Each structure stands twice: as C-alpha cells, then as structure tokens.
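S.K.: based on what follows, work out the 3D shape:
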Amino acid sequence: LFVSSDFDRKLYVWKNLPDESGAHPDFVYYLPDAPWDNALNGNTLALAGKQTVFIWKNLPINGEKPSLILRNNIGNINIGELNGVAIDEKYFYLSDSQVGKIYVWEGIPDQNSNPIYTVNCDGPNRLSSDGNYLVVANTLSKNPGGSISIYPINKFPNFQPTVLTGMFNLPQGALVFNQRLFVADTGFNTVHIWNRIESAMAGNEADIFLGEKGRYPEIGQNKLFWPAVPAFDGKYLWIGEFKFSERLLRFDPSE
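M.R.: Numbering: from 1, shown residues only. So this is what the prediction gives:
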C-alpha cells in the first residue's frame, strides 16, 4: 500500500496491506516537493506535484530511492503546476492545471523526453487510466461544481471527451478500474460508483453511493469527511479523505 500526502510532503509505504485500524507504515519518505497525485502500474510507481515527478521503476518496499526525479521541465515542456499522474501499459500522463493541459508520453519519460500528445483540458486535476479510458477530475472547471472528463485513449489526440457535469461539488479524484468508474465527490461527501463506465458516459446516475450526501462533512456511521481519492485493488476499495479527518478508509465490497 502506497499513500502520498501533499500536506506534509511524504510517501507512506506498507509492505503488506494493513488488516487493522491505526497500523503504522513500514517506511516513510520525506520528499523535497509535495506530491498531489500518485499512480501505480505493475512495478512502476510515480508521484507528481508542484514542479516535480518522482518515479520508481521497482516498487520501494525496502526504502529504495526514486529511479528518476524530473523537475521544472520534461523535454520541450515547462512544468507549471502538476496535479495529476497516471500510467497504463502504453502511456504515461501528467496534468498541468496552470496551463490547462495533459501531456502524454509513450512509456516512462526521462528529463529529455518530449510528449507525443498534448491534450487541452479545463482545469485538469488528478488522473486515472485503465488503458482504455483516461479519466480526469476537473475540480475547478468552468462547469459549476466541477466535472469529470472521460477520454477514449484509442482516439488520442483529436476528439472531444465525455464530460460529466451537474452531479458533483468539487470532485477531487476519479478512478477507472475493470470497467467501473469511481468518483470522490468531495464537497457533497459522497463517492459515486458506476458498475460500467459507459453508463456514466450515457448520463446515468451512479449505481452505488457511499456516504450520506450533505453540505457539511462529518465523521460517523455511513458518513464521509471530504472524500478526495478513490483506489481499488480488486478486493478492497480505499478512500483517502482530503484534510482535517486524517483518515484513509478501507471498504470490503464482499461484506
């Protein structure tokens, strides 16, 4: 389990999935820049935030240092404000909210790698890719309440995304996994789950809602406190809350 924190510029590593509340991490990395998002694909882990990208080409489960640290510019792009990173079997993605762009590389970039695609996007935040769709949380988009953008990857770069609007209040994170779509609706304190991402793209309401929709965050049974980042490992659903609650929640869908 890898958990990154923008607030205190740390990466927390559990060598095994914790099976009890309050379990301490095995390793804590103190980072020189604040990671806003992270991505895991196979043995590759990447963190991105501010003007820095940290990349491990082998999972850091024994305190290993990053394989690469990319700063300020990558190839022919100058980094403004990184808010999202995603990795799939073919591409590596970074979102820059300062310039409203998503950069796409084929494979893992180094400091001199130019992106093969540049996609204009309205207020891109955290990213997620399953190799079929790239999902973007547009937290501060021009649409009231923010939005979620869904890009079919096989149509890069000349197309318009499907944009989900009118459903959320400042969603900070979205995840596509095994045809499902998860959206952390931070302002409304809920998580939306569609069993098929195509249903969301068709404008349908989510199949499942976690938390009790409300204007004010609360800690209590059936309640969430500013959910921000969903992650799913095929067995457990993890929800990272934004701040103040200092919680990472684990749900077991089989229970």
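S.K.: any idea of the mean pLDDT for stretch 184-191?
M.R.: Averaged across stretch 184-191, pLDDT comes to 96.
S.K.: what does stretch 239-251 contact?
M.R.: Outside of stretch 239-251, the residues within contact range by Cβ atoms under 8 Å, 6 or more residues apart in numbering are 3, 7, 18, 172-173, 184, 186, 191, 210, 217, 219, 224-231, 236-238. For the C-beta atoms, the positions are set from N, CA and C on the backbone; glycine is no exception.
S.K.: tell me the buried residues in that stretch?
M.R.: By 16 or more other Cβ atoms under 10 Å, the buried positions in stretch 239-251 come out as Ile239, Gly240, Glu241, Phe242, Ser245, Leu249, Arg250.
S.K.: minimum pLDDT in these, which residue is that?
M.R.: Lowest confidence among these: Ser245, with 89.
S.K.: can you give me the strands in the stretch 151-255 of the chain?
M.R.: Using DSSP state E, counting those that start in this stretch, the strands of the stretch 151-255 of the chain run over 162-164, 173-177, 180-185, 190-194, 208-210, 227-232, 237-241, 248-251.
S.K.: burial-wise, tell me which of these comes out on top.
M.R.: Mean neighbour count (mean count of other Cβ atoms under 10 Å) peaks for strand 180-185 among the strands of the stretch 151-255 of the chain, with a mean of 26.
S.K.: packing partners for that strand?
M.R.: strand 133-138, strand 173-177, strand 190-194, helix 197-201, strand 227-232 (3 or more Cβ pairs under 8 Å, 6 or more residues apart in numbering; DSSP states H and E).
S.K.: in CSV, list these along with distance to Ser97.
M.R.: Listed next are the helices and strands packed on strand 180-185 as CSV, based on distance: least, Cβ to Cβ, whole Å:
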stretch, distance to Ser97
strand 133-138, 9
strand 173-177, 14
strand 190-194, 22
helix 197-201, 23
strand 227-232, 15
